[in-house]
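Undergrad: just to be clear, the model below is a prediction. Sequence and coordinates:
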Amino acid sequence: MAEQTKIEWVDHTFNPWIGCTRVSPACDNCYAAAMSHRRKWARFEPRAPRRRTAPGNWQQPLRWNRKAEAAGRRAKVFGPSLADPFDAEVSPEWREDYLRLIKATPNLDWILLTKRPLVARKFFANRKVPDNLWPGITAENQAMLDLRAPHLLAIAARVHVVSAEPLLEALELDRYLPGIDWVIAGGESGPRARPSNPDWFRSLRAQCAAAGVPMFFKQWGEHGQDMRKVGRRLAGKLLDGEALRDAPVLSSRA
């Protein structure tokens, strides 16, 4: 459940547990639910048990941390990719174990994306957020951005992330950009993927550029820039012919 990831904006993916419940339009075609169903890992349903991954899997980040320290560089970790880190149905003890692991790997920057930032806000109300934990939200449309961003920005973290993937409509980020440190955007993949209008990504690019916020354009998904369904490989990863791969640059870890 941990791997040298294919997700371009991080170095590793880690899953402390598997399982979730769909809560918004971004979940409609959930790749994690489909993968978990095929491999009989866990059910993505309300009140279904979440599956904690094996102890050996939890040792992987410690190895990544040692390698990053030896190489004199930081590595980014996305996790979980097959769950929501702030799923209210996850055992609080599991989440405490996860936080201890993050604290024990100071050479790794952990990007934890959630669709439940209110749970995250409550969790960190009486806990310090480690500098290497970057909480983020999924914002597939304006309603979800407006619902989730205030809770995200109320968390006293060093870096706040917004993932606009799959992007399902245009977003107005302006009122939140002073507190957002990284925007990741992309289209939807899978057999029932919905197209994204290229003007939505152009607008995000312009808003981020005006605010000096780095943006990472991940992919078009199944539909190309002309909104025709051509498959991920042909659709590519360029926005108006350019790769957009900006990420936060932090000057100090003090």
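TA: Thanks, I have it.

Undergrad: who touches whichever strand or helix holds residue 101?
TA: Using DSSP states H and E, residue 101 maps to helix 92-103. Here helix 92-103 makes contact (Cβ atoms under 8 Å, 6 or more residues apart in numbering) with 16-17, 50, 52, 58, 61-62, 85-86, 108, 110, 123, 127, 130, 132-133. All C-beta atoms are positioned from the backbone trio N, CA, C, and that covers glycine.

Undergrad: just the buried subset of those residues, please.
TA: 16-17, 50, 52, 58, 61, 85-86, 108, 110, 123, 130, 132-133 (16 or more other Cβ atoms under 10 Å).

Undergrad: report the two of those separated the most.
TA: 50 and 132 (24.2 Å; Cβ to Cβ).

Undergrad: if we can go back for a sec, and which of the buried ones among the contacts of helix 92-103 is nearest residue 139?
TA: residue 86 (15.3 Å).

Undergrad: isn't the closest one up against residue 120?
TA: Yes: taking Cβ atoms under 8 Å as the definition, residue 86 is a contact partner of residue 120 at 4.4 Å.

Undergrad: ok, back up a step: for the helix holding residue 101, list the C-alpha coordinates in CSV.
TA: Extracted in CSV, the C-alpha atoms of helix 92-103 (Å, rounded to 0.1, in the frame of the first residue of the first chain):
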residue,chain,number,x,y,z
PRO,A,92,-8.9,8.2,16.6
GLU,A,93,-6.1,5.9,17.7
TRP,A,94,-5.1,5.2,14.1
ARG,A,95,-5.0,9.0,13.4
GLU,A,96,-2.8,9.5,16.5
ASP,A,97,-0.5,6.7,15.2
TYR,A,98,-0.3,8.5,11.8
LEU,A,99,0.5,11.8,13.4
ARG,A,100,3.4,10.2,15.3
LEU,A,101,4.7,8.7,12.1
ILE,A,102,4.7,12.1,10.4
LYS,A,103,6.5,13.6,13.4
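
Undergrad: I'd like the next helix or strand past that helix.
TA: Assignment by DSSP H and E places the next element after helix 92-103 at strand 108-114.

Undergrad: who's in contact with that next one?
TA: Contact partners of strand 108-114, identified using Cβ under 8 Å, 6+ apart, comprise 9-10, 12, 61, 64-65, 68, 74-79, 84-86, 102, 120, 132-138, 159, 161, 163.
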